[in-house]
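K.L.:
Build the 3D model from these lines:
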Amino acid sequence: MPSQTNSFEALLEAVPDALVGVDTAGIIRFVNHQTELLFGYDHDTMAGEPIETLVPESLRRAHVLHRQAFNAKPRTRRLGTTPGMTGRRRDGTQFPVDIALSLLNTKDGMLVIAAVRDMTAYHAAEADRRKVDQQAAIVENSNDAIIASTLDGIITSWNPAAKTLYGYTTEEVTSKSIDLLSPPGQAGEIHAILANIKAGQPVERLETNHVRKDESAITVSLTVSPIRDADAHVVGVSTIIRDMTQARQAFNAARSMIESSLDSLVAISPEGKITDANQATVKLTGIPREQLIGTSFSNYFTDPAKAEAIYQQVFTQGIATDYPLTMRHHGRHETPTEVLYNASVYRDAAGKVLGVFAAARDVTQQMQAQKEGAERLAELERFQRLTVGRELKMIELKKENEYLKKLGPTEHGNSNNQT
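P.N.:
Prediction:
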């Protein structure tokens, strides 16, 4: 029959947690093999050492006080009742632990049995769980529709915003093909996206058209991302969908207003590149809109340095008013256009300057009219000077004639006799 000591030792080794026996002076009296594996010390090194050897140095003083208080009023303690404890391995690394305490009376006095459990994996799992919970909460409370599907386009999850956007409940779409959201004849678009995801290729954000349950059309913006498993293999697709219908309608309305303007309208980036232009600009420059975008704003003027100066002035002062420039047309026989530029910076919601919005008004006819008016006025002034000069001459001749008449024939005759 095995001895009681051998049975006790066998029991210690069978326990999956690290077990440490400590006397009332805080000296380690025995450990099991799990303790050796957990802390990196062998049995002989730990036996006879203070229990604080297994505690981080910064916590040892507090642990001594805590142990003394426990000895004054010993009691059992279950796992999970004192969170936030930390152990220290032989190599100095620290790790989270949970400790249960029990009391054992021996012939040599009372021993405190500490069952030490490594909580590293548990904390990591909890962190992962919280992350998953947070992600799930984000998905559930997102204002954007979020859909998960297999690589073959079978819907696996559908958040409340998707239900609001499309009108389908989760039960109605789960295990159905995502094709039901595409207009007739356009299902191939989403399958092309799925093929890119499956091939590991990035998918840019794009706008497309979808249909609701009631068959009404909507314009949506898609952000498509791969779903990966623990081995980083792509196992599904996550699609974030934002309803762009109102934004598109507002954009089209604003675009119509811009295009209806007779003035040249351009948006310019902080680098001086044209980011948008209306048809009036196309007419004045002779260059298609798609070719204007991305080119330097100052290149379309007879004096690029002067155009650059007004652009920089807007950035420093925020605005420019009635700045005269001459816009050149890229047609061979077209004459330049005289314009007055008005410009101001535009910003995002946070106040960051995104660029300059400029409007150029064609004042060629007004300037030509002013020139013709000035020439006509000069001509009139010359005519007036000539007319006044002639009238003055006539007045002088008239005065001379009257003077001669006053002299009379006698005075004239006497003058001859004397001669």
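K.L.:
hey, where'd the helices end up in the protein?
P.N.:
Under the criterion DSSP state H, helices of the chain are mapped to 4-14, 33-39, 43-46, 60-72, 120-141, 160-166, 170-173, 187-198, 245-260, 279-285, 289-292, 304-317, 364-418.
K.L.:
Contacts only, for the closest residue to residue 229 other than its chain neighbours.
P.N.:
Of all residues beyond its chain neighbours, the one nearest residue 229 is residue 235 (4.9 Å), with distances taken as CB to CB, 6 or more residues apart in numbering. C-betas here are computed from N, CA, C, even on glycine. Going by CB atoms under 8 Å, 6 or more residues apart in numbering, residue 235 touches 150-151, 227-229.
K.L.:
quick one: residue 235 and residue 128, what's the gap?
P.N.:
17 Å (CB to CB, to the nearest Å).
K.L.:
same deal with residue 28?
P.N.:
35 Å.
K.L.:
do the same with residue 330
P.N.:
61 Å.
K.L.:
Residue 304 too?
P.N.:
From residue 304 to residue 128 the distance is 59 Å (CB to CB).
K.L.:
Check residue 194 too.
P.N.:
27 Å.
K.L.:
Compare these two (neighbour count), which wins?
P.N.:
Neighbours were counted for residue 194 and for residue 128 using other CB atoms under 10 Å; residue 194 has more, 21 against 10.
K.L.:
The more buried one reaches residue 179, doesn't it?
P.N.:
No - between residue 194 and residue 179 there is no contact under CB atoms under 8 Å: 10.7 Å.
K.L.:
Now do the shared contacts for these two.
P.N.:
Shared contacts of residue 194 and residue 179, counting by CB under 8 Å, 6+ apart, come down to residue 153.
K.L.:
Okay, domains of this protein per the record?
P.N.:
4-123, 142-248, 261-362 (automatic domain parsing).
K.L.:
Among these, which comes closest to residue 397?
P.N.:
domain 261-362 (49.9 Å; CB to CB).
K.L.:
Check the offset of that closest one from the chain's centre.
P.N.:
In terms of CA atoms, centre = their mean, to the nearest Å, the centre of domain 261-362 is set 26 Å apart from its chain centre.
K.L.:
how long is it end to end?
P.N.:
By CA to CA, to the nearest Å, the extent of domain 261-362 from end to end equals 12 Å.
K.L.:
same deal with stretch 29-46?
P.N.:
8 Å.
K.L.:
Let me see the mean pLDDT of that stretch.
P.N.:
The pLDDT scores in stretch 29-46 average 93.
K.L.:
which parts of that stretch are buried?
P.N.:
Residues 29-32, 34-36, 38-39, 41, 46 are the ones in stretch 29-46 that count as buried (16 or more other CB atoms under 10 Å).
K.L.:
Quick one: end-to-end length of stretch 164-178, please.
P.N.:
First residue to last in stretch 164-178 (CA to CA) measures 16 Å.
K.L.:
for stretch 271-289, same thing?
P.N.:
With CA to CA applied, stretch 271-289 spans 19 Å between its terminal residues.
K.L.:
how near is residue 267 to residue 250?
P.N.:
Residue 267 is 16 Å from residue 250, by CB to CB.
K.L.:
what's the answer for residue 33, then?
P.N.:
The value you get for residue 33 to residue 250, if CB to CB is used, is 71 Å.
K.L.:
try residue 201
P.N.:
Applying CB to CB to residue 201 and residue 250 gives a distance of 33 Å.
K.L.:
same thing with residue 323?
P.N.:
30 Å.
K.L.:
and if you look at residue 163?
P.N.:
Counting by CB to CB - residue 163 and residue 250 are separated by 25 Å.
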